[in-house]
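Colleague: 3D model of this:
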Amino acid sequence: MRPPAPGRTEPPAGLLRRLDGWARAAFPASFTALLLILAVAPIDGPGLLLAIALPCVFFWSLFRPAAMPAPAVFLLGLLHDLLVLAPLGPGILALLLCHGLVLRLRGSLSRQGFLLVWLAFAAVAGLAVLLCYALTALLMLRLPPPAPGLVQFAITVGLYPALALLLTQAHRAMERAEG
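Modeller: Reported below is the predicted structural model:
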């Protein structure tokens, strides 16, 4: 917690202040879960769930890692797998892989411009989609068609800029509230 600015009094420590802190800490994971629930749509082909979950986990793990801990990522992966009615595991492992890679590369990635971050996201998304494809094939004991996975990758990478813009605005608003 930062000390108050000169001439500014420290707000009183109380229930509302603690609730505000908890709400800001829980926002990334709960907002991602809400987006996943809203994205469940009866469409033919790859859905939007991974295309929403992966960018959110990537962004919050990069810019606010304390608010996107591994247990929250696990629960988001479980929610993803339950919502797509897939075998349990591929979504969980894909999101945990994304989270782990971003935390490992966070020092260098956080200082880069948007284009390099987007390219890094595309690489992570490619690994995640490939992992989901391989695990689904292993769990189903047959090779699924590769086209839906390629479309899922394209949707996920293509949706990242719009989600990153929205999440950046939320992140800045949270920083202003904390400052």
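
Colleague: how many other residues sit next to Phe74?
Modeller: 15 (other CB atoms under 10 Å). For every residue, glycine as well, the C-beta is placed using N, CA and C.

Colleague: which residues touch the closest residue to it other than its chain neighbours?
Modeller: Leaving out its chain neighbours, the residue that sits closest to Phe74 by CB to CB, 6 or more residues apart in numbering is Ile92, at 5.9 Å. Taking CB atoms under 8 Å, 6 or more residues apart in numbering as the criterion, Ile92 is in contact with 74, 77-78, 80-81.

Colleague: can you do 6 Å?
Modeller: 74, 77-78 (CB atoms under 6 Å, 6 or more residues apart in numbering).

Colleague: what does Leu35 give?
Modeller: Ile52.

Colleague: how near is it to Ala120?
Modeller: 21 Å (CB to CB, to the nearest Å).

Colleague: what about the closest residue to His171 other than its chain neighbours, distance to Ala147?
Modeller: Spatial nearest neighbour of His171, chain neighbours left out: Phe63 (5.6 Å); criterion: CB to CB, 6+ apart. For Phe63, the distance to Ala147 (CB to CB) stands at 33 Å.

Colleague: okay, those two: which has more neighbours?
Modeller: Neighbour count, other CB under 10 Å: between Phe63 and Ala147, Phe63 has more, with 22 against 10.

Colleague: average pLDDT for the strand or helix carrying Ala177?
Modeller: If you go by DSSP states H and E, Ala177 is part of helix 147-178. Across helix 147-178, the average pLDDT comes to 94.

Colleague: so how far is that helix off the chain centroid?
Modeller: The chain centre lies 8 Å from the centre of helix 147-178; the measure is CA atoms, centre = their mean, to the nearest Å.

Colleague: re earlier: just the pLDDT for the residue nearest to His171.
Modeller: 95.
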